[in-house]
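Trainee: build me a structure from this.
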Amino acid sequence: MIVCSCQHITSRDIHSAIDWMRASDPATIITPGRVYHALGKRADCGGCMPLFLSTMRRNSNLAVPAELTGLRQRPQRKEHTA
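Mentor: Model (predicted):
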């Protein structure tokens with residue numbers, strides 16, 4: 001299925017790029033920009049982004065690696081003393 005008609009990117013291209021990135025670096029964070037880059041393309045008009053993202057989300061290799069989950073911590077709130 002064509003996902004991005006401006007850059008001629010199919011759902012198969014997206015899944016192949018995600019699978020390749022995950023195989024080459026299991027700890028990588030996969031973003032739409034990295035998928036475009038892996039395909040040698042750039043986002044153009046952005047009209048495909050909702051479909052592009054939903055196609056990415058259907059790939060089981062998209063998940064954030066377990067060792068990287070929970071790394072972001074909420075900033076400590078400063079308490080005001082009077």
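
Trainee: where does this protein dip in pLDDT?
Mentor: Scanning the chain for pLDDT under 70 picks out 68, 71-82.

Trainee: and if we set it to 90?
Mentor: Residue ranges of the chain with pLDDT under 90: 26-29, 43, 63-82.

Trainee: quick one: the helices in it, in order.
Mentor: For the chain, the helices defined by DSSP state H cover 11-24, 32-38, 49-57.

Trainee: kindly state which of these is positioned closest to Val64.
Mentor: Judged by C-beta to C-beta, the one of these that comes nearest to Val64 is helix 11-24, at 11.0 Å. All C-beta atoms are positioned from the backbone trio N, CA, C, and that covers glycine.

Trainee: got the angle for the closest one vs helix 49-57?
Mentor: With axes from the mean of the first three to the mean of the last three C-alpha atoms, to 10 degrees applied, the angle from helix 11-24 to helix 49-57 works out at 50 degrees.

Trainee: residues touching helix 11-24, excluding its own?
Mentor: 1, 3, 28, 30, 34-35, 38-39, 52, 55-56, 58-59, 61-62 (C-beta atoms under 8 Å, 6 or more residues apart in numbering).

Trainee: can you do 7 Å?
Mentor: Helix 11-24 is contacted from outside by 1, 3, 28, 30, 34-35, 38-39, 52, 55-56, 59, 61-62, using C-beta atoms under 7 Å, 6 or more residues apart in numbering.

Trainee: need the max-distance pair from those residues.
Mentor: Of all pairs drawn from those, the widest gap by C-beta to C-beta lies between Met1 and Thr28 and measures 25.0 Å.

Trainee: got the phi/psi numbers for the closest residue to Ile18 other than its chain neighbours?
Mentor: The shortest distance from Ile18 to any non-neighbouring residue, by C-beta to C-beta, 6 or more residues apart in numbering, is to Asn59 (4.6 Å). Dihedral pair for Asn59: phi -90, psi 130, per degrees, to the nearest 10.

Trainee: in TSV: the helices of the chain, plus distance to Ala66 and mean neighbour count.
Mentor: Formatted as TSV, these follow (distance: least, C-beta to C-beta, whole Å; neighbours: other C-beta atoms under 10 Å):
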stretch	distance to Ala66	mean neighbour count
helix 11-24	13	17
helix 32-38	20	16
helix 49-57	18	15
